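Visitor: build the 3D model from these lines:
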Amino acid sequence: IPPPVLSNVNGNLSDISERDDDDDDDLVLPQVKPMKKKRKTASRPKQSTSNEALFTEVSNIHKEFLSFRYNIEKRIKSLEKNISYT
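Guide: Next up, the predicted model:
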């Protein structure tokens, strides 16, 4: 009959506990200096990028305006034709 598992575990633990306590003194941890954290500087958008974004926005608004204007002129012509036929 094999010995119970618990007796093996207890035997292994007793071996560990019987070791010299001086083993901990042998470990010398190196002193680590705390690293200075770099300050995060706010990233500023480049002027050219800002100008490009502004130009794109103005271009899009201008295209939208021209599209509305074209549609309105087209609608006016259509209404003028209908009025002239009546």
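Visitor: what residues sit buried inside stretch 69-77?
Guide: Buried residues in stretch 69-77, defined by neighbour count with 16 or more other C-beta atoms under 10 Å: none. (Each C-beta comes from the backbone N, C-alpha and C, glycine too.)
Visitor: shaky segments in the protein?
Guide: Residues of the chain meeting the criterion pLDDT under 70: 1-30, 32, 44-48, 86.
Visitor: ranges for the strands of it?
Guide: With DSSP state E, there are no strands along the chain.
Visitor: any idea how far E73 lies from I83?
Guide: 16 Å (C-beta to C-beta, to the nearest Å).
Visitor: and V58, by the same measure?
Guide: 37 Å.
Visitor: now do N51
Guide: Distance of N51 to I83, computed by C-beta to C-beta: 47 Å.
Visitor: kindly report the same for T41.
Guide: Relative to I83, T41 is positioned 66 Å away (C-beta to C-beta).
Visitor: ok, now E64?
Guide: Using C-beta to C-beta, E64 is found at 29 Å from I83.
Visitor: with L66 instead?
Guide: As defined by C-beta to C-beta, L66 lies at a distance of 26 Å from I83.
Visitor: contacts only, for M35.
Guide: Remark: with contacts taken as C-beta atoms under 8 Å, 6 or more residues apart in numbering, M35 is in contact with nothing.
Visitor: next, it: phi, psi?
Guide: With angles defined as degrees, to the nearest 10, M35 sits at phi -80, psi 140.
Visitor: same check on K38?
Guide: Phi and psi for K38, reported as degrees, to the nearest 10, are phi -80, psi 140.
Visitor: start at 478, not 1
Guide: Right, with 478 as the first residue, what we last looked at is K515.
Visitor: count the neighbours of it for me.
Guide: Look at K515: counted by other C-beta atoms under 10 Å, it has 6 neighbours.
Visitor: what of K540?
Guide: Counted with other C-beta under 10 Å, K540 comes out at 10.
Visitor: separation between it and R546?
Guide: Counting by C-beta to C-beta, the gap from K540 to R546 is 11 Å.
Visitor: state the number of residues packed around K517.
Guide: K517: 6 neighbours (other C-beta under 10 Å).
Visitor: right, I'll call it a day here.
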